[in-house]
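Novice: dropping the sequence and predicted coords here.
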Amino acid sequence: MKQLLPLCLSFLTVCLLSSAPMLAQDTTLTITVHGTVSLVSGPDCLGANGESASASVMISESASPISSTSDSATYKIPAGGVSATVGSTTFTSTKPWSMKITLEASYDVLVLSGPGPLETTIRTTSTLKKGSWTSAVLLHPAPFSPTPQKQTPADSTLDYTAPLFCSGTTVLGVTGSISNSTAASELPAIDDAAQPATSSTVTATIIGTLGPILSGSDPLKADGRTGTLTVMASESLSPTTTTANSATYTLPAGAMSVVIDGATYKTTGPSTMKIALGTSYDTVVLAAKVEKLGITATLEGTATLKKGSFHSSVLTHPAPFQPTPQDLTAAATASGPGSKVQYTALGDTTVLGLTGTASDSAAADDEPDRLP
């Protein structure tokens, strides 16, 4: 059965920085892959079969291998250096990965492997023409040639295991292409003050650890995982519904993102943000629907803030709260006060406590088309 989980890694983006200090004029190698994956063998409990994906690999040409043989070199990719996008789902690694290049007798091979979210393990294999790399790649990353090269299921695969959801290893073939390029990696910092401002946006973030389970069976195994809800709302937005002490704002698709254990979901439809000014505390409730592989989950995150965190003007237009950040204390019961996350998926509604922080900020937004 397909689970509502990120397609842990059919293709990936790798950002590898050498353990040695980077020079201002260092060169970055970028490897890009586009294609579709198809089931070769195994249970495919993450529902990857038939998914399209594209990603890239960025690695400093000054990086040194952590191990090598006469015909191979393995490079370490630090935590946060691997990410992927499949449809509307993205994944960013939270632990180190490895990249291995082997110059075999009949072809050259690129293998990337490491842990994915929710205790998955992933391994991708890309087979290239013999002589695509020179032996210099055994000392430092280097571009291959010719580029692009075709990828087929017969020679390029993605393998994964997901012990929380099924036993065995799933093997998927890759149909698409792989290419690369090099460029100077001198990347100047972005000067926010120089960016055009056309409107003001409030960004609120709830981050912390999920648990304990307050109700439900937790089919997505979220208990104990790290979770983040982030919402962006234009300060010119008007509420869709109000009461004497609350306002609910409707936000467009993509205005809210949900991250669980490094896997990021952006909403594919409207979401809501409800702010209530209570007698003992203020609350922010973020609610959204996320669809993946034909399965829809509803998510609702509640942050309980200090009384008076919001001015009453927040009932007319979105506004930041103060002080920021604020500590969040997990709710003790599913229906009681405190911070919590509720989700409904696979026929079950689960409520988990949330311990962490809530923060917000307001800044000029030069992309008004992302918000109403």
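Specialist: That came through fine.

Novice: mind listing the helices for this protein?
Specialist: Counting by DSSP state H, one finds no helices in the chain.

Novice: need the helix or strand of it with the lowest average pLDDT.
Specialist: strand 13-16 (a mean of 30; mean pLDDT, DSSP states H and E).

Novice: per-domain residue ranges of the chain.
Specialist: Listed by automatic domain parsing, the domain ranges of the chain are 13-17+25-184, 199-365.

Novice: would you turn the ones you listed into CSV with mean neighbour count?
Specialist: C-beta: built from backbone N, CA, C; applies to glycine. Formatted as CSV, the domains of the chain follow (neighbours: other CB atoms under 10 Å):
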stretch, mean neighbour count
domain 13-17+25-184, 18
domain 199-365, 18
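
Novice: ok, of those, where does mean pLDDT dip lowest?
Specialist: Here the domains of the chain differ in mean pLDDT, and the lowest is domain 13-17+25-184 at a mean of 84.

Novice: now that one: how far from the chain's centre is it?
Specialist: Per CA atoms, centre = their mean, to the nearest Å, the displacement of domain 13-17+25-184 from the mean C-alpha position of its chain is 17 Å.

Novice: can you check stretch 215-224 too?
Specialist: For stretch 215-224, the distance to the chain centre is 20 Å (CA atoms, centre = their mean).

Novice: could you do stretch 271-279 as well?
Specialist: Averaging C-alpha positions (CA atoms, centre = their mean) puts stretch 271-279 26 Å from its chain's average.

Novice: same check, this time on stretch 315-335
Specialist: So, by CA atoms, centre = their mean, the centroid of stretch 315-335 is 24 Å from its chain's centroid.

Novice: quick check: end-to-end length of it?
Specialist: One end of stretch 315-335 sits 24 Å from the other (CA to CA, to the nearest Å).

Novice: ditto for stretch 220-238
Specialist: Separation of the first and last residues of stretch 220-238 by CA to CA is 35 Å.

Novice: let the chain start at 76 from now.
Specialist: Right, with 76 as the first residue, what we last looked at is stretch 295-313.

Novice: which non-adjacent residue is nearest Ala180?
Specialist: Take Ala180 and drop its neighbours on the chain: the residue closest to it by CB to CB, 6 or more residues apart in numbering is Lys205, 7.8 Å away.

Novice: what distance do you get for the one you found to Gln224?
Specialist: Here the criterion is CB to CB, to the nearest Å. By it, Lys205 lies 12 Å from Gln224.

Novice: what does Pro287 give?
Specialist: Noted for Pro287: a distance of 50 Å to Gln224, by CB to CB.

Novice: and if you look at Ala338?
Specialist: Using CB to CB, we find Ala338 at a distance of 30 Å from Gln224.
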